[in-house]
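Chemist: predicted model and sequence below, questions to follow.
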Amino acid sequence: MENTYAIQLDQALNGMVAAIDQFKNDQLNTVPFEGSWSAAQVAVHVLKSIEGLPKLFSSEAVPTGRDPHQFEPQLKKIFLDFETKMKSPDFIVPGEGPFQKNELMQRLSETRRAIIEKVKDLDLSKTFASFSFPGTGPLTGYELLCFAWCHTARHARQVTNIFTVLGSQTTVNTALQ
């Protein structure tokens, strides 16, 4: 696994699993404030965005007629800007839940393993044309991994922030009783 993005994605998904593991079952599906998702919904959103990657990486790839890293700076700028709020495309919006902690952690771990295994010997410079990424069109393997890493890292950070908010709300609620 020489690809930097594969390593970073591996670390981000492990971070997401560790962040989810901090939650008590009753906290995991709690929305911390209006307009937010619960930590469980964030995890489902991430899963919806990456669970299809092993299948996509198994699909036919075509030679890339451009720099195979062309969209990486754009993806990093979009997804690693933690100050900007975004609206999720409908096809990766999570349901209402409730979601089970163990199932989410298992799916995240299995997806991590499947992606890492699939890309080990893959020519990531090729374009995977069977999926058109919103705003750019088909991406190369490098760009898909860059997206998966940036997006997962963004949301692992969000899950950690949700945990912090819920913990402080519990502390305040306990103090008020």
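Modeler: Ah, there it is.

Chemist: hang on, Gly162 packs against Ala43?
Modeler: Quick fix: residue 162 is Ile, not Gly. No - under the criterion of C-beta atoms under 8 Å, Ile162 is not in contact with Ala43, lying 10.4 Å apart. C-beta: built from backbone N, CA, C; applies to glycine.

Chemist: tell me the spacing between Gln27 and Asp67.
Modeler: Separation of Gln27 from Asp67 (C-beta to C-beta, to the nearest Å): 44 Å.

Chemist: of the two, who's got more company?
Modeler: A direct count of neighbours by other C-beta atoms under 10 Å for Gln27 and Asp67 places Gln27 higher, at 19 against 11.

Chemist: just the pLDDT for that one.
Modeler: What the model reports as pLDDT for Gln27 is 92.

Chemist: would you verify that it is located in a helix?
Modeler: Yes - read with DSSP: H, G, I helix; E, B strand; the rest coil, Gln27 is one of the residues of a helix.

Chemist: so what's it up against?
Modeler: Ala39, Phe163, Leu166 (C-beta atoms under 8 Å, 6 or more residues apart in numbering).

Chemist: the strands in this structure, which residues?
Modeler: 127-133, 137-140 (DSSP state E).

Chemist: want to throw these into JSON lines with mean neighbour count?
Modeler: What follows is the strands of the chain, written out as JSON lines (neighbours: other C-beta atoms under 10 Å):
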{"stretch": "strand 127-133", "mean neighbour count": "16"}
{"stretch": "strand 137-140", "mean neighbour count": "19"}
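
Chemist: the ones you listed: lowest mean pLDDT?
Modeler: strand 127-133 - the lowest mean pLDDT of the strands of the chain, at a mean of 93.
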